[in-house]
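Would you be able to build a 3D model of this:
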Amino acid sequence: MTTTTGPRYVADMLRAYEVSHLFFVPQMLLETLTSMEGMPIRRIMTHGEKAAAYMADGYARASRRPGVCMAQHVGASNLAAGLRDAYLACSPVIALTGGPAPHQRYRHAYQELEDFTQFDHTTKFNAHVDHIGRLPDLLRQAFREATSGAPGPVHLQFGGHHAESIMVEADLDLLVEPMFSSVPPFRPSADPAQVTEALRLLTAAERPIIVAGGGVAWSAAQTEVVRLAELLQIPVATSLNARGTILDTHPLSVGVCGTYSRTCANQSVGEADLVFFIGSHTGSQVTARWQVPKPGTPVIHLDIDVRELGRNYPVKVGLLGDAKTVLQQMIDAATGVKPVPRSAWLARAKALVDGWRDSVAGHRNSDVVPMRPERVCREIGAMLPADAVMVCDTGHSGIWTGTMIDFLRPGQRLIRCAGSLGWALPGAMGVKCALPQAPVVCFAGDGGAYYHLAELETAARYGINLVLVVNNNSALNQEIPHFDRSYGGDPDERGREMWGFSKVNFAQVAESLGCVGIRVDAPAQVPEAMERALKAGRPVVIDVVTDHRAFSPKTWTGATGTGH
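Numbering: from 1, shown residues only. Coordinates of the predicted model:
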């Protein structure tokens, strides 16, 4: 054992688990921060606790390693709220906060509020660290919980506003379990008999389809998904979380399915006679509120979490295991097996994709000013380098990037907000911290950008050189149709005070915060702006002025009267 202090031990543990960044708002574990001098850990001070959680989340999703954030007790509630997105996205974030000191309870201690239970619903594991002697086992447990099975966030609360309870010396062993420093720590295989049965069903089906979910990204199983699809000649749809699994130019690709979807993807899944979900929660978004596929459609489901198998669609076969490992089992078993001829089904899927492209060509090719976001996204896709990461906010930002940006080059992928508007900018900063050499382009509406606009200063201060494209329509424009309907269907903008913003030049705001600002008023200017931004070597904001009445199409479900 070595005599050390609690804060120094935390720093040594984070280094041992190969954590490269720590996102925080002072003052929490200050000696941990100062002890990191000379360690390969970058300390990123943010303007808010939610932003720190979002950055740690983006870091974790991009690197498949735990992202770490921390805040003193008074900021813990903000950190808990920030973990909501990580929880929904199964992201391994470790949050460290201060908490009430036992001897101060019930005495109106300054800034004291019991917030421990707020973390119960946004974490997999929520624990008190009341004594320095518990640091070794609970820190190990935090990494173990964050990365194992379906990954997710965890929280450790230390006694004292700034973790004073562990600011003492103790003899502690630095015990580390390296396998829990990344996702997945284990790669279990599936029951071979179930693999055989799944392959039998897939080869016998006339119209099978694969739906790749977020578990594909966590397992790094993209290559295996495409290889199996090619072997068996099965079309592939993806969730937003798995966007980039298969290039949009691949003949088997039908696009993103669900609520934020390409119509052709939903139509393909809706017409399938067998759906193979891989690493998917089969939640409402990927299934268009459980309407695509229709209830009763035969399903095969592969997931590392047994609780997900059959949760929303009863399964013909449930494959329990790591996506990459199990798909390789299937590839090995299928190699040399002659697939059932599916020329008619593949032709039908291609016709659906071609039909969708024809239906959106007008907006994607439009030269109208103010711009259509579909055209902006077309230009971004054309300029996006190989290995680039697109990051997007929720709502229209998720719809436009998920459907209108074509991934044309190897390694391109999408990391999307799981539901909290405003996540995209700090989330993208975390992505860039994890992948400093990769081009990172963030797409957010002005409504989402406003949430954490101050973090542009953080990006400039630390040289986090991402590109933020602001879809600037001076509105929360996805809300406009709802207010129109509430006013009796009269779109005369009487509701503007409830959905509209002032007209702001975000390029000027960016310049004032130390970033490069570029204003774009016409579609032809987008390529030049993207080229300049990607070469700038500084954080860049591209302010694209778009039509506030550019709305996404309704979600295809096979029924009438349904939509976003």
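
give the contact list for Glu31.
Thr5, Pro7, Arg8, Met167 (C-beta atoms under 8 Å, 6 or more residues apart in numbering). Where C-beta positions appear, they are placed from N, C-alpha and C, glycine not excepted.

one more time with 10 Å, if that's ok
Shown in contact with Glu31 (C-beta atoms under 10 Å, 6 or more residues apart in numbering): Thr5, Gly6, Pro7, Arg8, Val10, Ala11, His162, Ala163, Ile166, Met167.

Double-check that it belongs to a helix.
Yes. Judged by DSSP: H, G, I helix; E, B strand; the rest coil, Glu31 forms part of a helix.

got a pLDDT number for it?
The per-residue pLDDT reported for Glu31 equals 96.

Same question for the one 10 residues further on.
Confidence per residue is given as pLDDT, and for Ile41 that number is 98.

quick thing: my sequence starts at 755, can you match it?
Noted, 755 is the first residue going forward, which turns the last one into Ile795.

now it: how far from Gly1217?
16 Å (C-beta to C-beta, to the nearest Å).

Repeat that for Ile1032.
Distance, Ile1032 to Gly1217, by C-beta to C-beta: 38 Å.

Those two: which is more packed in?
Legend: neighbour count by other C-beta atoms under 10 Å for Ile1032 and Gly1217, higher for Ile1032 (29 against 11).

I'd guessed Gln1045 sits against Asn1066; true?
No. Counting by C-beta atoms under 10 Å, Gln1045 stays clear of Asn1066, with 11.3 Å between them.

List the residues that contact the nearest residue to Phe897 once chain neighbours are set aside.
Using C-beta to C-beta, 6 or more residues apart in numbering and skipping the chain neighbours, the partner closest in space to Phe897 is Phe934 (4.3 Å). By C-beta under 10 Å, 6+ apart, Phe934 lies in contact with 771, 820, 846, 894-902, 940.

With Pro1277 instead?
Going by C-beta under 10 Å, 6+ apart, Pro1277 touches Asn1119, Ser1120, Asp1121, Val1122, Val1123, Met1125, Arg1126, Arg1129, Val1130, Arg1132, Glu1133, Val1298.

what's the burial count for the closest residue to the fifth one other than its chain neighbours?
Pointing back at Val1123 there. Leaving aside its chain neighbours, Val1123 sits nearest to Ala1276 (5.5 Å; criterion: C-beta to C-beta, 6+ apart). Ala1276: 14 surrounding residues under other C-beta under 10 Å.

secondary structure element for the closest residue in space to Met793 that isn't next to it in sequence?
Nearest non-adjacent residue to Met793, counting by C-beta to C-beta, 6+ apart: Arg769, 5.0 Å away. Using DSSP states H and E, Arg769 maps to helix 760-770.

Just the CA trace of the helix or strand following that helix, in CSV.
The element immediately downstream of helix 760-770 (helix or strand, assigned by DSSP H and E) is strand 775-779. The C-alpha trace of strand 775-779 is given here as CSV (Å, rounded to 0.1, in the frame of the first residue of the first chain):
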residue,chain,number,x,y,z
HIS,A,775,-9.9,14.5,-20.5
LEU,A,776,-11.8,15.7,-17.5
PHE,A,777,-14.7,18.1,-17.9
PHE,A,778,-15.6,20.2,-14.8
VAL,A,779,-16.9,23.3,-13.1
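
helices or strands next to strand 775-779 in the packing?
helix 760-770, helix 784-789, strand 796-799, helix 803-817, strand 821-825, helix 830-842, strand 847-853, helix 1178-1188 (3 or more C-beta pairs under 10 Å, 6 or more residues apart in numbering; DSSP states H and E).
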